[in-house]
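Participant: Predicted model, plus sequence, below.
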Amino acid sequence: MAFLIPFFKKPSFIQVTLRPVEQKQFNTSLSLQSNTSKFTACRRRPPGRETLPRGILAETSNLERRPLWGLPKNTNIYKTLFAVAVGIKQKENVDKMVQKFLQSNFVVMLFHYDGVVDEWKAFEWSSTVIHVSADNQTKWWFAKRFLHPDIVAAYDYIFLWDEDLGVENFHPERYLSIVKDEGLEISQPALEIGESEVHHLITARWRRANVHRRAYKLDGKGIRCDNTSDTPPCTGWIEVMAPVFSRAAWRCVWYLIQGDRTKNIGVVDAEYVVHYGFPTLGEPDKSKDVSEEKKEPVQPNAINQRLEVRRQSYNEYKVFKRRWKKAAEMDKCWTDLYPDDELKQRTLWPLM
């Protein structure tokens, strides 16, 4: 084989003729260069996808079940996920919650923090929901590990609730309609005053509103909240007991990235729930069938599990704040959108 090589002095080109062995080596070299070029282009994609054709890639998944053979029995297209951390002690209330959301064609996922799963089989819906079990873990522990944004990307909204909420007056479909109309990315249903355990004023229901985005507190006690307030807990804030996230918001929350919290966060008053405030995680075992007289006396050195759980949460929050401060100092490309946040210096005030 003969080919031309450019030469920068006269003659401008020279002719080279390859013997058969040299020609074979040359062809191999060209082939390797071609493959290397293609491989380099593929390497720009995330790890694991380099050698796969783009048309075969499936970047997201969902929580839908598939039969071992045949077509799925249920062809409904689910657009919303309801996930709740549960313990068997609250099975009656959880039953009401699950039935409410299943009737609205939600995907339902139960996080069992007490390790009890088989006893839920007594409910007809048990085989239609997803069960995940791990002893003594919070719903955020479950959510971080089992609700990755790429897994729940198929759902428009993710409800991540506690188990002690009364939903008798709550309508999931109407709630979603209000959230979409108001453009809320992060929201929660309001808490009915008088029936609920309300810890923060902004979560309380306003009876004459569909949605509110701020609270007003002008009595001079604690943090003052008025129309000029632009930080939590006066505005842009909800409680973590019954949050609802849009798909985009959940991707941010999962990675702990702040968004514009002053505009797209709100409490939905038109659809409300009751917060019973049942102690669950860390609660000592108490049998309803044992009378007060037969109960064993409390040991003076017995561990108060609820107190220990609360103390642990405060300690972990301190660790998180230290991590945040260190990360902010090290990341020179990051900009704090709320540098004068009052929440960094003060504690949240309760309703009472």
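Facilitator: Noted; the coordinates are in hand. Residues are numbered from 1 along each chain as shown.

Participant: got a list of contacts for stretch 243-262?
Facilitator: Applying Cβ atoms under 8 Å, 6 or more residues apart in numbering, the external contacts of stretch 243-262 come out as 143-144, 147-149, 152-153, 155-161, 175, 179, 184-189, 230, 232, 235-237, 264, 337-338. Every residue, glycine included, has its C-beta placed from N, CA and C.

Participant: and the residues you listed, which of them are in strands?
Facilitator: Among these, the members found in strands (DSSP state E) are 157, 158, 159, 160, 161, 186, 187, 188, 189.

Participant: Which of those residues ranks first by neighbour count?
Facilitator: For the ones in strands among the contacts of stretch 243-262, counting by other Cβ atoms under 10 Å, the largest number of neighbours falls to residue 189: 30 neighbours.

Participant: quick one on the thing from earlier: report the buried members of the contacts of stretch 243-262.
Facilitator: 143, 147, 149, 152, 155, 157-161, 175, 179, 184-189, 232, 235-237, 264, 338 (16 or more other Cβ atoms under 10 Å).

Participant: just to revisit the earlier point, which of the ones in strands among the contacts of stretch 243-262 sit farthest apart?
Facilitator: Greatest spacing in those, by Cβ to Cβ: 158 and 189 (14.5 Å).

Participant: list the contacts for residue 274?
Facilitator: 165, 166, 168, 169, 191, 192, 195, 196.

Participant: make it 6 Å
Facilitator: 166, 192, 195, 196 (Cβ atoms under 6 Å, 6 or more residues apart in numbering).

Participant: Now the buried members of those.
Facilitator: The buried subset of the contacts of residue 274 (16+ other Cβ under 10 Å) comprises 166, 192, 196.

Participant: need the residues you listed in CSV with distance to residue 272, can you?
Facilitator: Formatted as CSV, the buried ones among the contacts of residue 274 follow (distance: Cβ to Cβ, whole Å):
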residue, distance to residue 272
166, 10
192, 5
196, 9
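
Participant: Number of residues surrounding the nearest residue to residue 59 once chain neighbours are set aside?
Facilitator: With Cβ to Cβ, 6 or more residues apart in numbering as the criterion, residue 59 has its nearest non-adjacent residue at 6.5 Å, and that residue is residue 150. Using other Cβ under 10 Å, residue 150 is surrounded by 13 other residues.

Participant: ok so residue 109 is a strand residue?
Facilitator: Yes: under DSSP: H, G, I helix; E, B strand; the rest coil, residue 109 falls within a strand.

Participant: May I ask you to confirm that it is in contact with residue 83?
Facilitator: Yes: under the criterion of Cβ atoms under 6 Å, residue 109 makes contact with residue 83 at 4.3 Å.

Participant: what about the protein, any weak spots by pLDDT?
Facilitator: 1-46, 50-52, 73-78, 257-263, 279-300, 338-352 (pLDDT under 70).

Participant: check contacts around residue 86.
Facilitator: Residue 86 neighbours (Cβ under 6 Å, 6+ apart): 94, 110, 163.

Participant: give me the beta-bridge partners of the second one?
Facilitator: For residue 110, the residues forming beta bridges with it (DSSP bridges) are residue 84, residue 131.

Participant: And for stretch 151-160, what's in contact with it?
Facilitator: For stretch 151-160, using Cβ under 6 Å, 6+ apart, the contacting residues are 60-62, 79-83, 143, 243-247, 250.

Participant: try 8 Å
Facilitator: Here stretch 151-160 has contacts from 60-64, 78-84, 101, 106-107, 139, 143, 147, 172, 176, 179, 242-247, 250, using Cβ under 8 Å, 6+ apart.
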